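# Based on what follows, work out the 3D shape:
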Amino acid sequence: MLSERSEKRGRRAVFSVGDIECTTCAIGIEKRLKKVDGIEKVGSAIMLNKIFVDYDESKIDISRIKKAIEEAGYSGYVTNQDSTR
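Numbers count the residues shown, from 1 in each chain. This next block holds a predicted model:
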């Protein structure tokens, strides 16, 4: 029997969000993303205009994450995605 941890399909996506101008912008996006089921961890690099999202691909996909970023008032696109976290 597989454990819950081994059943998860964790991935990391990096989004480029050009209109992140300050810490408040990044925090707003992070708060919005953390409310979405399937998102496990969110980080940001303001100087690079990047949002890093660790998520369970069995619960959520890239298009839903992108939609959550848009719901926070920003636009972004995936610049990198991997399954090795």
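
# wait, what's in contact with Asp56?
The contact partners of Asp56, by CB atoms under 8 Å, 6 or more residues apart in numbering, come to Lys8, Arg9, Gly10, Arg11, Gly38, Glu40. Heads up, the C-betas are built off the backbone N, CA and C, glycines and all.

# Remind me what the longest helix anywhere in the chain packs against, helices and strands.
The longest helix of the chain (DSSP state H) is helix 23-34. The contact analysis (3 or more CB pairs under 8 Å, 6 or more residues apart in numbering; DSSP states H and E) places helix 23-34 against strand 39-45, strand 50-56, helix 62-71.

# picking up where we left off before, adding pLDDT and distance to Lys66, write the contacts of Asp56 out as a markdown table.
Listed next are the contacts of Asp56 as a markdown table, based on pLDDT from 0 to 100; distance: CB to CB, whole Å:
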| residue | pLDDT | distance to Lys66 |
| --- | --- | --- |
| Lys8 | 59 | 21 |
| Arg9 | 75 | 19 |
| Gly10 | 88 | 18 |
| Arg11 | 93 | 14 |
| Gly38 | 97 | 13 |
| Glu40 | 96 | 17 |
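
# looking at the residues you listed, which has the most residues close by?
Neighbour tally across the contacts of Asp56 (other CB atoms under 10 Å): the maximum, 20 neighbours, falls on Arg11.

# pLDDT weak spots in the protein?
1-8, 83-85 (pLDDT under 70).
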